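Take this sequence and fold it.
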Amino acid sequence: MSKSAEIIRDGSSFAHSGTQALPTRRIRVIGVPLDMGASRRGVDMGPSAMRVAGLEARLEALGHQVTDGGNIRVEVAETRTSGSKSARYLTEIAETCTRTAEAVVKTLEEGMTPLVLGGDHSLAAGSVSGVAEFYRQRGEKIGLIWIDAHSDINTPETSPSGNVHGMPLAALLGLGPELLGNIFGYSPKVAAENTVLIGLRDIDSAERENIHRAGIAEVYTMRDIDERGMRTVMEEALRAAGRGTAGYHVSLDMDWIDPEDAPGVGTPVRGGATYREAHLAMEILADHGRLLSFEIVEVNPVIDEHNRTADLAVELACSAFGKKIL
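You can find the predicted model right below:
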């Protein structure tokens with residue numbers, strides 16, 4: 001087991017920042033400026049926007065060691081043909097995801113925690129594959145916490161748009177498309193019993209069927225959060241994702257948050273989590289100490305207001321990595 005995994009599991013290594021006791025981590029930032037998975041362009045600038053918002057300095061202020069690994073190479077959409085209308089740019093996206101997966105494996109092998117910046121959500125097929133592969137080589141499996149307004153569990157056969165950013169979870173669970181799902185030559189990457197969806201409020205009819213077909217362990221809509229509260233939802237979600245696993249990857253789509261607080265996202269939907277609910281979720285995540293890797297996707301500076309959404313994304317990353325109010 002790597003030193004970083006030991007720290008993740010027992011929280012035994014601490015640094016102090018002000019009055020806070022925080023697990024020390026070596027974090028590598030990996031940018032994936034991918035925007036071929038969506039109809040609306042602009043999320044390719046998300047990694048830069050989060051860097052401009054002070055991500056590295058703000059994490060270092062918490063006591064972490066942060067290295068920026070730069071960006072994964074991504075093809076320019078205008079230089080390629082979109083391919084099949086049922087899964088546009090699938091080949092190029094799969095190539096990017098494979099490069100992302102390899103970078104994540106290397107990061108974990110070097111004892112560092114991957115912090116992936118998107119880019120559209122299709123990149124998660126790569127990041128999660130990388131984490132899953134690293135732990136598979138050690139005889140362990142991982143959990144997956146998918147925090148999103150959308151379930152992203154369409155396949156080319158069920159997608160009404162052909163946008164691949166609506167397919168990565170399907171790929172990771174073995175439903176397809178095969179090019180995304182078979183990175184490293186095996187599928188699925190995560191077990192449905194350790195996969196949790198949080199914050200859903202905009203689901204296609206076919207996705208409902210795919211959620212049931214996949215047998216996902218826990219699905220929490222915004223109604224569940226409204227009725228039961230964020231703390232209850234997060235505690236149950238972390239238990240499910242952590243049961244029998246080395247820990248979990250967290251995939252945070254910024255459209256989970258209400259557009260009032262996060263206007264600059266790829267696919268905004270009214271009625272999302274509030275500013276404080278989002279921070280509470282991240283704070284509870286940090287309290288449990290079993291985070292293996294983290295990603296933030298779908299920040300779109302083109303439609304943002306003075307980089308507000310990227311700034312909030314950085315704040316949430318800080319909360320996930322241990323920042324506390326007191």
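
right, and the secondary structure at the spatially most central residue of the chain would be what?
The chain has Ser251 as the residue nearest its centroid, 1.8 Å off, counting by CA atoms, centre = their mean. Following DSSP: H, G, I helix; E, B strand; the rest coil, Ser251 is assigned to strand.

burial count for Ser187?
With neighbours defined by other CB atoms under 10 Å, the count for Ser187 comes to 17. Placement of C-beta: from N, CA and C, glycine included.

isn't it right up against Ala170?
No - using CB atoms under 8 Å, Ser187 makes no contact with Ala170, being 10.8 Å away.

how near is Arg28 to Ala103?
Going from Arg28 to Ala103 by CB to CB, to the nearest Å gives 9 Å.

overlap in contacts of those two?
Shared contacts of Arg28 and Ala103, defined by CB atoms under 8 Å, 6 or more residues apart in numbering, comprise Gly69, Pro114.

Tell me which stretches of the stretch 151-300 of the chain form helices.
Taking DSSP state H, counting those that start in this stretch to define them, one finds helices in the stretch 151-300 of the chain at 168-172, 178-181, 205-214, 222-228, 230-242, 275-288.

chain center to the third one, what's the gap?
Yep, that's helix 205-214 we're talking about. Between the centre of helix 205-214 and the centre of its chain there are 21 Å (CA atoms, centre = their mean, to the nearest Å).

Stretch 50-61 now?
Its chain's average C-alpha position is 18 Å from that of stretch 50-61, according to CA atoms, centre = their mean.

Output it in CSV, but only the C-alpha positions, please.
Output of stretch 50-61 as CSV, limited to C-alpha atoms (Å, rounded to 0.1, in the frame of the first residue of the first chain):
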residue,chain,number,x,y,z
MET,A,50,-9.7,27.3,-11.7
ARG,A,51,-5.9,27.9,-11.8
VAL,A,52,-6.5,31.6,-12.2
ALA,A,53,-8.8,31.4,-9.1
GLY,A,54,-5.8,30.4,-7.0
LEU,A,55,-6.2,26.7,-6.7
GLU,A,56,-2.6,25.8,-6.0
ALA,A,57,-1.9,28.6,-3.5
ARG,A,58,-5.2,28.0,-1.6
LEU,A,59,-4.5,24.3,-1.2
GLU,A,60,-0.9,24.9,-0.1
ALA,A,61,-2.2,27.3,2.5
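
which parts of that stretch are buried?
Neighbour-count burial for stretch 50-61, with 16 or more other CB atoms under 10 Å as criterion, is recorded at Met50, Arg51, Ala53, Gly54, Leu55, Glu56, Arg58, Leu59.

Same check on stretch 124-139?
Residues 124-136 are the ones in stretch 124-139 that count as buried (16+ other CB under 10 Å).

In helices only, show me the residues you listed.
Judged by DSSP state H, the subset of the buried residues of stretch 124-139 located in helices is 124-136.

Closest one of those to Gly271?
Closest approach between these and Gly271, by CB to CB: Ala124, at 22.9 Å.

deepest of the helices of the stretch 151-300 of the chain, which one?
Between these, helix 168-172 has the highest mean count of neighbours, a mean of 30, where neighbours are mean count of other CB atoms under 10 Å.

Check which helices and strands that one sits against.
Helices and strands touching helix 168-172, by 3 or more CB pairs under 8 Å, 6 or more residues apart in numbering; DSSP states H and E, are helix 124-136, helix 178-181, strand 195-200.

chain center to that helix, what's the gap?
Computed by CA atoms, centre = their mean, the chain-centroid distance of helix 168-172 equals 12 Å.

send the alpha carbons of it over as CSV?
Taking Å, rounded to 0.1, in the frame of the first residue of the first chain, the C-alpha atoms of helix 168-172 are listed here in CSV:
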residue,chain,number,x,y,z
PRO,A,168,-19.2,8.3,-18.9
LEU,A,169,-21.0,6.7,-16.0
ALA,A,170,-22.6,4.2,-18.4
ALA,A,171,-19.2,3.4,-19.7
LEU,A,172,-17.6,2.9,-16.2
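
mean confidence score for it?
For helix 168-172, the mean per-residue pLDDT is 98.

do the same with stretch 101-120
For stretch 101-120, mean pLDDT is 98.

can you list contacts of whatever helix or strand Lys106 lives in?
For Lys106, the host element (DSSP states H and E) is helix 90-109. With CB under 8 Å, 6+ apart as the test, helix 90-109 has contacts from 2, 4, 28, 30, 32, 34, 36-37, 69, 72-75, 77, 80, 83-84, 113-114, 116, 122-123, 125-127, 129-131, 133-134, 156, 164, 177, 179-180, 183-184, 292-293.
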